[in-house]
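# The sequence and its predicted three-dimensional model are supplied below.
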Amino acid sequence: MRRTRLQRHSLLGYLPALTLAAFLAPVLAGLVGTWLPAFGYFPALGGTGFTLAPWAELFAQPGLGESLRLTLLSGILATAAAFFLTIFFLAACHGGRLILAVRGLMAPLIAVPHAAVALGLAFLIAPSGWLVRLVSPWATGWELPPDVATVQDPNALALTLALVVKEVPFLLLMTLAALEQVRAEPDLVAPTWTAWCLEPREVEFWGSGAGTGQTRVRYRRAADAGAPGAGAGSAQGGWQRALLWP
């Protein structure tokens, strides 16, 4: 019996490595299948040797620079916008009921394919899309779609918006799941913080009502009651009470 348990424990020790291999094997296969044709080795199309000709053909494309610019611009802007929107939303709504409602809505949105989100957003913001049709021609006077590049704009802003709409629900759901696994440490204080303790020694209250006139009452700590200007009064719970008016 003991030997069987030891064998089970030894087999369980291999599970993390096997799991990692199961996840990485398809990724490595895909990388190899991409790198080999990139260097000319693609027997299905007659490429049986390694060459840099595919790279030379790529750099000869006239629109390569613009494509790289739009790719980097849309990727960086979408990532930054999705990150900051997620952080701002969690900071503003942390501990509220809205977080619980949003959590239930995020999971179905994540299941929507990226292509469906992109097509839906294109139909929504296109010059002849649903938004324009909703307010035209009775509100805008447009009989024809406006000449505005809302989809194929030169700076890929529509693409950035589509990426943000798709990625924000994913980041929200993952961040909410991570927050539940992190335990708050009340004793963890940043070394640059400074804590100030305010100890009141004298408090004055003002009050007035209809037909009662104005009332001013001052409370001073009993230890300071003998100070000059303390006045006469009664002690209550370590405080000296004095009626200032009337």
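Structure's in. What do you need?
# so where do the helices sit in this structure?
Taking DSSP state H as the test, the helices found in the chain are 2-12, 15-38, 53-59, 64-93, 97-110, 114-125, 130-135, 157-181.
# Run the angle between the last one and helix 114-125 for me.
So the one you mean is helix 157-181. For helix 157-181 against helix 114-125, the angle by axes from the mean of the first three to the mean of the last three CA atoms, to 10 degrees is 130 degrees.
# So which residues make contact with helix 157-181?
With contacts defined as CB atoms under 8 Å, 6 or more residues apart in numbering, helix 157-181 is touched by 70, 73-75, 77-79, 81-83, 85-86, 89-90, 99, 102-103, 105-107, 109-110, 112, 114, 117-118, 121-122, 125, 150-152. In this view, the C-beta of every residue, glycine as well, is placed from N, C-alpha and C.
# Please repeat the previous calculation with a cut-off of 6 Å.
74, 77-78, 81-82, 85-86, 103, 106, 109-110, 114, 117-118, 121, 151 (CB atoms under 6 Å, 6 or more residues apart in numbering).
# residues in contact with the most centrally placed residue in the chain?
Nearest to the geometric centre of the chain sits Thr86, at 1.8 Å (CA atoms, centre = their mean). Counting by CB under 6 Å, 6+ apart, Thr86 touches Leu171, Leu172, Thr175.
# would you turn these into CSV with neighbour count and pLDDT?
Below are those laid out as CSV (neighbours: other CB atoms under 10 Å; pLDDT from 0 to 100):
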residue, neighbour count, pLDDT
Leu171, 19, 87
Leu172, 22, 84
Thr175, 14, 84
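# returning to what we had before: buried among the contacts of helix 157-181? Need that as a selection in PyMOL.
In PyMOL, a selection of the buried entries from these looks like this (16 or more other CB atoms under 10 Å):
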select buried, resi 74+77+78+81+82+86+106+117+118+121+151
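# Which members of the contacts of helix 157-181 are the farthest-apart pair?
Arg103 and Val151 (31.8 Å; CB to CB).
# hmm, back to that, in JSON lines: the helices of the chain, plus distance to Arg216.
Formatted as JSON lines, the helices of the chain follow (distance: least, CB to CB, whole Å):
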{"stretch": "helix 2-12", "distance to Arg216": "76"}
{"stretch": "helix 15-38", "distance to Arg216": "73"}
{"stretch": "helix 53-59", "distance to Arg216": "84"}
{"stretch": "helix 64-93", "distance to Arg216": "41"}
{"stretch": "helix 97-110", "distance to Arg216": "43"}
{"stretch": "helix 114-125", "distance to Arg216": "63"}
{"stretch": "helix 130-135", "distance to Arg216": "61"}
{"stretch": "helix 157-181", "distance to Arg216": "49"}
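# looking at those helices, which is buried most?
helix 157-181 (a mean of 17; mean count of other CB atoms under 10 Å).
# Centre of the chain to it, how far?
Centroid displacement of helix 157-181 relative to its chain, using CA atoms, centre = their mean, to the nearest Å, is 6 Å.
# Low-confidence bits of the protein, can you list those?
1-12, 95, 181-189, 224-237 (pLDDT under 70).
# now with 90?
1-19, 33-34, 36-65, 70, 74, 86-203, 205-246 (pLDDT under 90).
# Now flag whichever of the contacts of helix 157-181 is closest to Phe39.
Distances from Phe39 to these, taken by CB to CB, are shortest for Ser74, at 28.2 Å.
# Disregarding residues adjacent in the polypeptide, which is nearest to the closest one?
Ala156 (4.2 Å; CB to CB, 6 or more residues apart in numbering).
# wait, what's in contact with that neighbour?
Contacts of Ala156 (CB under 6 Å, 6+ apart): Leu70, Leu73, Ser74.
# got it, and Ala139?
Contacts of Ala139 (CB under 6 Å, 6+ apart): none.
# Distance-wise, check it relative to Ser128.
16 Å (CB to CB, to the nearest Å).
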